[in-house]
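[1] Predicted model, plus sequence, below.
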Amino acid sequence: MRSFSPSRITRLSQQTRARRSARVCVREKSEKVEVVPAEYEWVEEHVLVKEAHTKLVEVPAQFDVQDRTFETNPGHSTWVKAQADRCVTNNSAGPAPQDVFCLVSGPATTMTLATQRLVKDATVREVAVPAEYQTVRKQKLVRPASTRRVMVPAEYREVEKTVMVAPAKVEWQRVDCPPDAYGMKPEFRPVRDDNP
């Protein structure tokens with residue numbers, strides 16, 4: 001029976017690579033701050049324009065109108081020369097006088113005027129003046145401005161890249177071969193066995 005000498009051979013395996021689709025993060029998740037504007041509404045309000053106060057009002061005097069007669073020229077008497085036949089004498093027994101003086105009375109002259117008689121003196125009275133309001137339209141704050149935090153999700157992208165499927169490696173295999181298989185004698189020496 002033919003005998004064989006044990007020996008070892010080295011076999012180098014190349015690294016194995018392949019094209020794979022990978023999901024790559026291009027932006028990590030974060031937070032952003034958003035400003036929420038204030039909210040207003042239109043309302044109508046009564047605004048005080050002038051406050052209530054008092055004022056003084058003059059009350060004029062009161063008069064009573066009456067008609068009054070005034071004597072502008074009083075009555076008078078005067079002696080007037082006249083014919084005897086126009087005069088009256090008390091001496092009826094004697095002869096009638098030719099020329100006589102007669103006492104003539106003149107009437108008074110009057111004038112009627114409308115006069116005012118004071119009934120009530122002028123006074124001052126206090127009058128209350130109410131407040132004055134005006135309706136105006138204005139904006140009323142409903143909700144003040146604020147901020148809020150919003151989560152921004154991470155962003156990913158699909159990329160094609162080469163990945164290692166299997167690393168390169170060295171394999172030791174034990175085989176039995178005759179001593180003169182390759183025209184040489186096997187040489188036995190200590191070998192470091194990393195991968196038995």
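    Perfect, thanks for sending it.

[2] What's opposite the residue minimising distance to the centre of the chain in the beta bridge?
    Compute the mean C-alpha point of the chain, and by C-alpha atoms, centre = their mean the closest residue is residue 139, 3.4 Å away. On the basis of DSSP bridges, residue 139 is bridged to residue 42.

[3] In this structure it contacts residue 40, no?
    Yes. The pair residue 139 / residue 40 is scored as a contact, 4.3 Å apart, by C-beta atoms under 8 Å. For the C-beta atoms, the positions are set from N, CA and C on the backbone; glycine is no exception.

[4] before we move on, the earlier item: now the residue nearest to the centre of the chain: how far from residue 167?
    Residue 139 sits 72 Å away from residue 167, taking C-beta to C-beta, to the nearest Å as the criterion.

[5] By mean pLDDT, which helix or strand of this protein comes out lowest?
    strand 5-13 (a mean of 58; mean pLDDT, DSSP states H and E).

[6] Beyond that one, next helix or strand please.
    Per DSSP states H and E, the first helix or strand lying C-terminal to strand 5-13 is strand 16-27.

[7] chain center to that following strand: distance?
    Relative to its chain's centre, strand 16-27 lies at 58 Å (C-alpha atoms, centre = their mean, to the nearest Å).

[8] Tell me how this protein divides into domains.
    According to automatic domain parsing, the chain comprises the domains 1-29+153-196, 33-52+130-150, 57-90+97-126.

[9] so who does the residue nearest to the centre of the chain touch?
    Residues counted as contacts of residue 139 (C-beta atoms under 8 Å, 6 or more residues apart in numbering) are 40-43.

[10] As TSV, the residues you listed with neighbour count and pLDDT would be great.
    Shown next, in TSV, are the contacts of residue 139 (neighbours: other C-beta atoms under 10 Å; pLDDT from 0 to 100):
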residue	neighbour count	pLDDT
40	12	92
41	9	93
42	8	92
43	11	92
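
[11] just curious, which of these is nearest to residue 75?
    When the contacts of residue 139 are ranked by distance to residue 75 (C-beta to C-beta), residue 43 comes first, at 88.1 Å.

[12] my guess is that closest one contacts residue 138, does it?
    Yes. Counting by C-beta under 8 Å, residue 43 does reach residue 138; the two are 6.7 Å apart.
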